[in-house]
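In: test case, fold it:
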Amino acid sequence: MNLPSGYEKILDEAIDFQFKTDSLNALAGEQKKKLEKLANAEKLAFKVKISENELLAASFQISADKKYSEAQAAMVIKDPLQQADNRAIKELDKQSDTIIKIVPVVQKPVETFTFFEVLTKPVTDPNEKITIDPEVPAGLIYRIQIAIFRNPVTPAYFKGIIPVYGFKVAGTDKTNYYAGMFRRSSDASKALATVKAKGFRDAFVVALSGNKPVSADRAAILEREWGKKPFVSIAKSVPETLIDTVPPTLSFRVEVIRSLKPLKDDIVEGIRKMAGNRGLDIQSLDDGNIAYLIGKFITFESAAEYTDLMIRNGYRETRVVAWLGEKEIPVETARQLFENLK
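Out: Numbering: from 1, shown residues only. Just a heads-up that it's a prediction; the model follows:
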């Protein structure tokens, strides 16, 4: 098969973007493992770094998908008028006006109005310390007051609730301990229920502005402004159109097995390991079956090679299938489309 001009260059660019995506996702995964080992004062900034890496990875993934689409477009939108009498193309044309369309990408902000979490593994290290009198963001902030102590307490006391900060009470030797930061009273109220469920029955929500308490009426007025201002805002690249409006893409896939009943978790995990970075997709079919699909391949030959690998590793029902978006089509129909471009 003669590849169209520029096809290999576009594919190389797609692979490069995919490599960057996988690298950033791997980095974010390692950062998440380190997160619970950090002091509470460091966790907030570290979470922002993780979010930035995940959002950048999502941006690169969109670029990779776009390049894969361009590569496929170079393969299938070569001279459709000359192929008008071909049955395979006619069948595909009934399902889609065109095989590939590039979806515009726009920058949209991801905004954080709440910092509150309960760790699954609470901090137990007695050497961990709670930050006292940290820098306070501008504007209205709701916090949950949990306790007031004369002597320092460790994070372990708060049973995994983060972030917790201490603020010294002026003119005394006491320290108020607060959990979370919220721009909106509704979010603070939901978190308060969680805090009370952890055993802190006397906890309550306080509203502060400039780190000074304000009345509920004053807080309601301030929230009209500050309830729209996030603590953190990060730009994220997203498709301009909704997913369900994107025209379907033709791809070959490796179907490991299809079954009427869900496979056991250990079997699925084995398939997932074999799939690696190509990913495992569990798809419900119209006939009630469940298909276990690996990857999306541009050519039948590349999918067939992976199928052989799976068979050699004991997955003897593995075969190549073809999909147009979310709809399965005959493999021969998809292959015929490529054959006619030789």
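
In: for stretch 223-243, what is the average pLDDT?
Out: Averaging pLDDT along stretch 223-243 gives 70.

In: ok, now stretch 257-266?
Out: Confidence for stretch 257-266, expressed as mean pLDDT, is 88.

In: who's in contact with that stretch?
Out: Stretch 257-266 is contacted by residues 271, 285, 288, 289, 290, 291, 292, 315, 317, 318 when judged by Cβ atoms under 8 Å, 6 or more residues apart in numbering. In short, each C-beta sits where N, CA and C put it, glycine included.

In: so for the first one, what's the nearest residue that isn't a sequence neighbour?
Out: Sequence neighbours aside, residue 256 is the residue nearest to residue 271 in space, at 5.3 Å (criterion: Cβ to Cβ, 6 or more residues apart in numbering).

In: just the contacts of stretch 257-266 now: which is nearest residue 159?
Out: For the contacts of stretch 257-266, the residue nearest residue 159 by Cβ to Cβ is residue 271; the value is 38.3 Å.

In: and the helix or strand hosting that closest one, how far from the chain's centre?
Out: Using DSSP states H and E, residue 271 maps to helix 265-275. Chain-centre distance of helix 265-275: 21 Å, with Cα atoms, centre = their mean, to the nearest Å.

In: I'd say the residue nearest to residue 271 and residue 290 touch.
Out: No - if you go by Cβ atoms under 8 Å, residue 256 and residue 290 don't touch, sitting 11.1 Å apart.

In: between these two, which has more neighbouring residues?
Out: residue 256 (25 against 15; other Cβ atoms under 10 Å).

In: what comes up buried for the one helix or strand the more buried one maps to?
Out: Assigned by DSSP H and E, residue 256 belongs to strand 250-259. By neighbour count on 16 or more other Cβ atoms under 10 Å, the buried set for strand 250-259 is 250, 251, 252, 253, 254, 255, 256, 257, 258.

In: the inter-axis angle of it versus helix 265-275?
Out: 150 degrees (axes from the mean of the first three to the mean of the last three Cα atoms, to 10 degrees).

In: in its sheet, which strands sit next to strand 250-259, and in what direction?
Out: In the sheet, strand 250-259 lines up against strand 290-297 (antiparallel), strand 319-324 (antiparallel) (DSSP bridges).

In: switch these over to JSON lines; also include distance to residue 330 and mean pLDDT.
Out: Listed next are those as JSON lines, based on distance: least, Cβ to Cβ, whole Å; pLDDT from 0 to 100:
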{"stretch": "strand 290-297", "distance to residue 330": "15", "mean pLDDT": "91"}
{"stretch": "strand 319-324", "distance to residue 330": "7", "mean pLDDT": "90"}
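
In: reformat those as TSV; add distance to residue 333.
Out: Below are the strands paired with strand 250-259 laid out as TSV (distance: least, Cβ to Cβ, whole Å):
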stretch	distance to residue 333
strand 290-297	16
strand 319-324	7
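
In: what residue ranges in the stretch 51-200 of the chain score low on pLDDT?
Out: 52, 55, 59, 71-110 (pLDDT under 70).

In: can you show me the strands along it?
Out: In the stretch 51-200 of the chain, the segments counted as strands under DSSP state E, counting those that start in this stretch are 105-112, 114-115, 117-118, 140-149, 161-162, 164-168, 175-182.

In: contacting residues around the second one?
Out: Where contact means Cβ under 8 Å, 6+ apart, the residues beyond strand 114-115 that reach it are 44, 163, 180, 181, 182, 183, 184, 187, 191, 231.

In: sorry, back to before: how about the contacts of stretch 257-266, which pair is most distant?
Out: 288 and 315 (21.9 Å).

In: of these two, which one has the most company?
Out: Shown here are residue 288 and residue 315; by other Cβ under 10 Å, residue 315 has more neighbours (19 against 7).

In: looks like that one contacts residue 273 (just checking).
Out: No - counting by Cβ under 8 Å, residue 273 is not a contact partner of residue 315; they are 11.7 Å apart.

In: just to revisit the earlier point, and the two most separated of the buried residues of strand 250-259?
Out: 250 and 257 (22.8 Å).

In: cool, thanks, talk later.
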